[in-house]
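**Q** here's a sequence, model it:
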Amino acid sequence: MSQEHKSQEQSAAGKEQNTTPPAFLMTQDNQPFANESSASRALRQRGLDEDMYAIKPQGDGYVAILKVMDATAPEPEPDEADKGDKPKPTKQTAANKEEYFRVKFQPKSDANQPDEVILSVNGEVLQITRNVEVIIPKRFKECADNGVTAQFKQLPGQTRKVIGEVRTFPYDLLGPATEKEFIAMKQEGTRLARQSVESAGI
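**A** Numbering: from 1, shown residues only. As a prediction, this is how the structure comes out:
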């Protein structure tokens, strides 16, 4: 094989790309966008498909979240047989009370991944620090379980192809927890965040 042919093959291999769309998009300073239009414009500027993202309120602004990470889903319509005068539950019972879990989300595997884990369920957003033990409700654990990101492969002169899926936010399951522990953890996080803001003079 000639040296020139080898060089051409190496050049083509160098252009082979595996691309993964980011799980969420914020400003370059890792701050929410001022409005929805700014978030949409940032998606277009980065060549990302706007249909793949949901723009959600976050703090004083908006973030674009990959739809596979947004577990918002409409309530299913009841069957005709179920449309009776059944009493509506007023209190949580032991059978339907939500479970809680201790987890630790793994560190970033590449520089393009977000510094923190963001999970959204029915408009409620959890922003979670990586590599730290935290407590999350079952609905957010299921959101992380179902959140996968497609991996693409593109060769010169060919259309981009999906070659597989990876979990967007992999984590280690450490054990069960209680609602009381979850509430205490959230309150402590809010207190520390407030102290940080006050010390910064914001």
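**Q** quick one, phi psi at residue 126?
**A** In terms of degrees, to the nearest 10, the main-chain angles of residue 126 are phi -110, psi 130.
**Q** surely it meets residue 119?
**A** Yes - Residue 126 lies in contact with residue 119 (C-beta atoms under 8 Å); the separation is 4.9 Å. Any C-beta I mention is one placed from the backbone N, CA and C, and that applies to glycine too.
**Q** what touches both of those two?
**A** 136, 140 (C-beta atoms under 8 Å, 6 or more residues apart in numbering).
**Q** between these two, point out the one with more neighbours.
**A** Higher neighbour count among residue 126 and residue 119: residue 119, with 26 against 18, using other C-beta atoms under 10 Å.
**Q** surely that one and residue 144 touch.
**A** Yes - with contact defined as C-beta under 8 Å, residue 119 counts as touching residue 144 (6.0 Å).
**Q** quick one: common contacting residues for those two?
**A** Shared contacts of residue 119 and residue 144, counting by C-beta under 8 Å, 6+ apart, come down to 136, 169.
**Q** lowest-confidence helix or strand of this structure?
**A** Among the helices and strands of the chain, helix 3-14 carries the lowest confidence by mean pLDDT, DSSP states H and E, at a mean of 44.
**Q** where do the strands of this structure begin and end?
**A** 17-19, 24-25, 53-58, 61-66, 100-105, 116-121, 124-129, 133-137, 148-154, 161-167, 171-177 (DSSP state E).
**Q** so what strands line up beside the last one?
**A** Put plainly, it is strand 171-177. Using DSSP bridges, strand 171-177 pairs in its sheet with strand 100-105 (antiparallel).
**Q** put the alpha carbons of the strand it pairs with into CSV.
**A** The C-alpha trace of strand 100-105 is given here as CSV (Å, rounded to 0.1, in the frame of the first residue of the first chain):
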residue,chain,number,x,y,z
TYR,A,100,-36.4,7.4,48.8
PHE,A,101,-32.9,6.3,47.9
ARG,A,102,-29.3,7.2,48.8
VAL,A,103,-27.3,7.6,45.6
LYS,A,104,-24.0,9.0,44.3
PHE,A,105,-23.9,10.3,40.8
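**Q** shaky segments in this structure?
**A** For the chain, the stretches with pLDDT under 70 are 1-21, 23-24, 29-30, 59, 67-96, 190-202.
**Q** please redo it, this time with the cut-off set to 50
**A** The chain contains residues with pLDDT under 50 at 2-18, 69-74.
**Q** so residue 127 sits against residue 118, correct?
**A** Yes - A contact is recorded between residue 127 and residue 118 when judged using C-beta under 8 Å, the distance being 5.4 Å.
**Q** looking at the two, which is more packed in?
**A** Between residue 127 and residue 118, residue 118 has the larger neighbour count (other C-beta under 10 Å), namely 21 against 16.
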